[in-house]
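J.: Following is a predicted model, sequence given first.
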Amino acid sequence: MVVGAFPIAKLLYLGVRQLSKPVANRIKAGARRSEFFKNYICLPPAQAYHWVEMRTKMRIMGFRGSTIKPLNEEAAAELGAELLGEAIIFLIGGGCMVLEYSRQAANSRRKEEELTESINSLQTQLGELALATETLDAQIREVNRLLLSLPSAPSSK
């Protein structure tokens, strides 16, 4: 039975992605409880997201100049915690993609270096063979010259 290389890196990345969801949920829960996170991390992005979303919906429906009321603090904290969780999952997934890309690039670079080294080795061998061929050709010419310079033997008839 032939067993291929076990893709441990891919399994590790999959594990990190799966672990990122509970970590994001834990951070979201902490963000909901902490006043600092709630006021400075969760609320501003949530209010901005709500403003952009409502502005877009109003423009699509044809209401141009209407004002948008901000979310209440509880809804904004909930939306901000959700945005924070999604951002964490996105960043971990993006980090995994970057790591995978760099790993693939390193493998590609290593294969290219091996190919270049192999080509250089073959070119060196080709040069050595060409030199050996020229040496043998020169020796053959020398032997032919010596054979032609020998007096020819009389024919016996």
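T.: Done, it's in. Please read all numbers here as calculations on a predicted model, not as lab measurements. Residues are numbered from 1 along each chain as shown.
J.: To what extent is residue 85 buried, counted in neighbours?
T.: By other CB atoms under 10 Å, 20 other residues sit near residue 85. Yep, even glycine has a C-beta here, placed from its N, CA and C like the rest.
J.: oh sorry, the question was meant for residue 77
T.: Each residue near residue 77 was counted by other CB under 10 Å, and the total is 22.
J.: how about the strands of the protein, start to end?
T.: With DSSP state E, there are no strands along the chain.
J.: what about the protein, any weak spots by pLDDT?
T.: 1-9, 13, 153-157 (pLDDT under 70).
J.: middle-most residue in it, spatially?
T.: residue 101 (0.6 Å; CA atoms, centre = their mean).
J.: what about the longest helix in this protein?
T.: helix 73-149 (DSSP state H).
J.: list the helices and strands it packs on?
T.: helix 8-33, helix 43-61 (3 or more CB pairs under 8 Å, 6 or more residues apart in numbering; DSSP states H and E).
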